[in-house]
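Enquirer: Give me the fold of what follows.
(one chain, ligands or ions: 2)
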Amino acid sequence: MQQNRTELGALGEFGLIDKLTDGVELNDNGTVLGVGDDAAILNPSKGLQVVSTDMLVEGVHFDLSYVPLQHLGYKAISVNVSDVAAMNCVPKQVTVSIAVSNRFSLEAMEALYSGVKAACQNFKVDLVGGDTTSSRSGLVISVTVLGESSNNQEPVRRSGAKEGDILCATGDLGGAFVGLQVLERQKVEYLANPEMQPDIEKYAYVVQRQLKPEARMDIIHELSELEIKPTSMIDVSDGLASEVFHLSKHSGIGFNIYEDKVPIDRETYNTAVEFNLDPITCALNGGEDYELLFTIDQEDYKKLEKHYDIHFIGYAQELSKGINLITKQQNVVPIQAQGWNHFNEK
Ligand code: ADP
Ligand code: MG
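Expert: Residues are numbered from 1 along each chain as shown. Ligands and ions are numbered 1, 2, ... in the order given. Take a look at the predicted model:
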């Protein structure tokens, strides 16, 4: 339970901004001036810049009955950094804008910002500004990230995959979706019986995949060190099937994916089965894994062959051959894109 509660109204907008941005450090050489003036001042190095925005809305993207505010702040930064990673770029600065109702206290907003600051430190980005406004209903957090191409390479688009390229996925897939099922079930159980103790240990990994995803900047740095430039790339926000469709559409190419090569963590697998879900369906249609999906030229395969966390799940082929899953029984099943469509929900 909340110990202290300082009303936002008592603080005012400027007081709140001061509290939230207190202790923010600037570490990037390209940041000349951060929070405090009418605009931040940046000094980008030569090369191309990328910019991306993502907005999280209470009741649409998150449910505060089981999402801790620190994790929400962390996730808001991480999902934006993931978009920059998916361009083979390095994040430099972020702005964070919030709309907040008087249901929230200063302490709650400080918790949100502790997550924002932790993610900024982790991903080495500077928080250089934002906007703060009131909301009649719930919490909205919108982040904009600026980045630069890594190693002075051109950013990697969704459009460069060619026939014969190898399709790679990082980490493991489906966990965030399964974690969401666990959290939703615990919410229902809690509402029925507030005395209930959630079984956290057993589902720790999948719940963490949902609540606190990590953008794969580690992979971007490794690819840069190995001098590998993917031919196309995207991050897995809506599920493997949906992302493969994007690569296909933009590159004008088909794909075959091998079911037995799709990386699924043991806990994800077991929990999916417990929920009567097909683990491969969770990986294909779940989403929010924030792993990277990319294609490489066959020539680069040797350099990545032994990588502990990059999985070779398929290959690019003629567009007319379509996008298929080769099942464990060697059946060829066309894949349907069922990415999360917010406009089709309830
Ligand atoms: P203005 O009225 O010029 O828009 P604001 O009072 O909104 O200025 O913001 C003052 C400073 O605080 C600006 O540098 C702005 O970028 C920063 N800022 C405002 N809200 C936030 C926030 N939620 N997070 C980080 N920085 C913020
Ligand atoms: Mg403003």
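Enquirer: rest of the way, CA atoms for contacts and neighbours
Expert: Noted.
Enquirer: Only C-alpha atoms, please: export stretch 52-67 in PDB.
Expert: Provided in PDB are the C-alpha atoms of stretch 52-67 (Å, rounded to 0.1, in the frame of the first residue of the first chain):
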ATOM      1  CA  SER A  52      10.500   7.000 -33.900                       C
ATOM      2  CA  THR A  53       7.500   7.500 -31.600                       C
ATOM      3  CA  ASP A  54       5.400   5.000 -29.600                       C
ATOM      4  CA  MET A  55       2.500   5.800 -27.300                       C
ATOM      5  CA  LEU A  56       1.100   3.700 -24.500                       C
ATOM      6  CA  VAL A  57      -2.500   4.200 -23.300                       C
ATOM      7  CA  GLU A  58      -3.900   2.900 -20.100                       C
ATOM      8  CA  GLY A  59      -6.700   0.400 -20.700                       C
ATOM      9  CA  VAL A  60      -5.500  -0.200 -24.300                       C
ATOM     10  CA  HIS A  61      -1.800  -1.100 -23.900                       C
ATOM     11  CA  PHE A  62      -1.500  -1.700 -20.200                       C
ATOM     12  CA  ASP A  63      -3.600  -2.500 -17.100                       C
ATOM     13  CA  LEU A  64      -2.300  -0.900 -14.000                       C
ATOM     14  CA  SER A  65      -4.000  -3.500 -11.800                       C
ATOM     15  CA  TYR A  66      -1.000  -5.700 -12.600                       C
ATOM     16  CA  VAL A  67       1.600  -3.500 -14.300                       C
END
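Enquirer: Let me know the secondary structure of the residue lying farthest from the centre of the chain.
Expert: Within the chain, the residue lying farthest from the chain centre (CA atoms, centre = their mean) is Ala10, at 34.9 Å. What DSSP: H, G, I helix; E, B strand; the rest coil gives for Ala10 is helix.
Enquirer: For Gly138, see how far away it is.
Expert: 19 Å (CA to CA, to the nearest Å).
Enquirer: Kindly report the same for Gly287.
Expert: Counting by CA to CA - Gly287 and Gly138 are separated by 24 Å.
Enquirer: Give me the more crowded residue out of these two.
Expert: Using other CA atoms under 10 Å as the criterion, Gly287 and Gly138 rank with Gly287 on top: 28 against 16.
Enquirer: wouldn't that one be in contact with Leu240 here?
Expert: Yes: between Gly287 and Leu240 there is a contact under CA atoms under 8 Å: 7.2 Å.
Enquirer: What count of nearby residues applies to whatever residue of the stretch 151-300 of the chain ends up closest to ligand 1?
Expert: As assessed by CA to the nearest ligand atom, ligand 1 sits closest to Lys212 within the stretch 151-300 of the chain, at 20.2 Å. Using other CA under 10 Å, the number of residues around Lys212 comes to 24.
Enquirer: what's it in contact with, if anything?
Expert: 71-72, 74-75 (CA atoms under 8 Å, 6 or more residues apart in numbering).
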